[in-house]
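Asker: sequence first, predicted model second:
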Amino acid sequence: MTEQLTADDWIKEGLKALAKNGFTALKADPLAKAMGVSRGSFYWHFADLGAFHAAILKRWRDIAAEQIIADVEATGDEPLKALLRRSFGARLDLERAVRNWAAFDAAAQGAVRAIDRRRIDYIETLLATRGLAPAMAQARAQILYWTFLGFALSGAPVPPARLQGLLDEILTMVSA
């Protein structure tokens with residue numbers, strides 16, 4: 001690599017390594033080797049491994065919630081439908097990897113708790129906008145989120161036509 005790497009380059013490589021090989025791959029030496037540079041470049045951008053991990057978790061929060069919410073809001077489609085399509089249609093390797101990491105690391109656990117809260121609050125808002133009473137919106141948002149987590153953690157592929165039928169049924173159930 002002849003170009004100077006940025007912190008963003010390291011974070012992107014870290015996210016790829018995390019999704020593919022899990023949190024134990026988030027180390028300077030293997031990442032530097034994969035990028036064809038010395039680990040000195042890593043330490044130019046990050047004070048230590050903890051700072052790198054914090055940057056990885058921050059980027060995951062941006063990708064896994066804020067970016068999705070912004071995309072859903074920009075689609076012009078009915079937001080809950082768009083969210084279901086986006087969430088259940090995505091590759092979820094990174095989601096599984098971060099949640100696995102959270103079982104071993106307090107900072108990752110905190111990031112997962114924060115993202116869970118953000119996502120549930122957003123779903124609750126969407127359901128309230130559809131006319132559900134606050135208590136009902138809260139309960140159904142939690143149930144819908146648990147459904148997503150079960151799907152995400154199962155890792156079982158679902159053919160597109162079947163997935164669409166399931167999403168239609170989920171939408172009917174939470175909106176009734």
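Answerer: In hand now; what should we look at?

Asker: so where's the chain shaky on pLDDT?
Answerer: 1-3 (pLDDT under 70).

Asker: switch the cut-off to 50
Answerer: Filtered on pLDDT under 50, the chain yields the residue ranges 1-2.

Asker: tell me where it has helices.
Answerer: Listed from the start of the chain, the chain has helices (DSSP state H) covering 7-21, 28-35, 40-45, 49-61, 67-74, 79-89, 93-102, 106-129, 134-154, 160-175.

Asker: which parts of the third one are buried?
Answerer: Which is helix 40-45. Under the neighbour-count criterion of 16 or more other Cβ atoms under 10 Å, helix 40-45 has 41-42, 45 buried. C-beta here means a position set from N, CA and C on the backbone, and glycine is covered the same way.

Asker: what does that helix contact?
Answerer: 4-7, 10, 28, 31-32, 35, 52 (Cβ atoms under 8 Å, 6 or more residues apart in numbering).

Asker: tell me the gap between it and the middle of its chain.
Answerer: 26 Å (Cα atoms, centre = their mean, to the nearest Å).

Asker: what of the longest one?
Answerer: Relative to the chain's own centre, helix 106-129 is displaced by 11 Å; criterion: Cα atoms, centre = their mean.

Asker: which strands and helices lie in contact with it?
Answerer: The helices and strands touching helix 106-129, judged by 3 or more Cβ pairs under 8 Å, 6 or more residues apart in numbering; DSSP states H and E, are helix 49-61, helix 79-89, helix 93-102, helix 134-154.

Asker: okay, angle between the shortest one and helix 7-21 too, please.
Answerer: For helix 93-102 against helix 7-21, the angle between stretch directions is 80 degrees (axes from the mean of the first three to the mean of the last three Cα atoms, to 10 degrees).

Asker: buried set for helix 93-102?
Answerer: 94-102.

Asker: thinking again about what came up before, can you put the buried residues of helix 40-45 in TSV and add distance to residue 148?
Answerer: Below are those laid out as TSV (distance: Cβ to Cβ, whole Å):
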residue	distance to residue 148
41	37
42	34
45	33
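
Asker: just curious, which of those residues is nearest to residue 125?
Answerer: Taking Cβ to Cβ as the measure, residue 125 sits nearest to residue 45 out of the buried residues of helix 40-45, at 36.3 Å.
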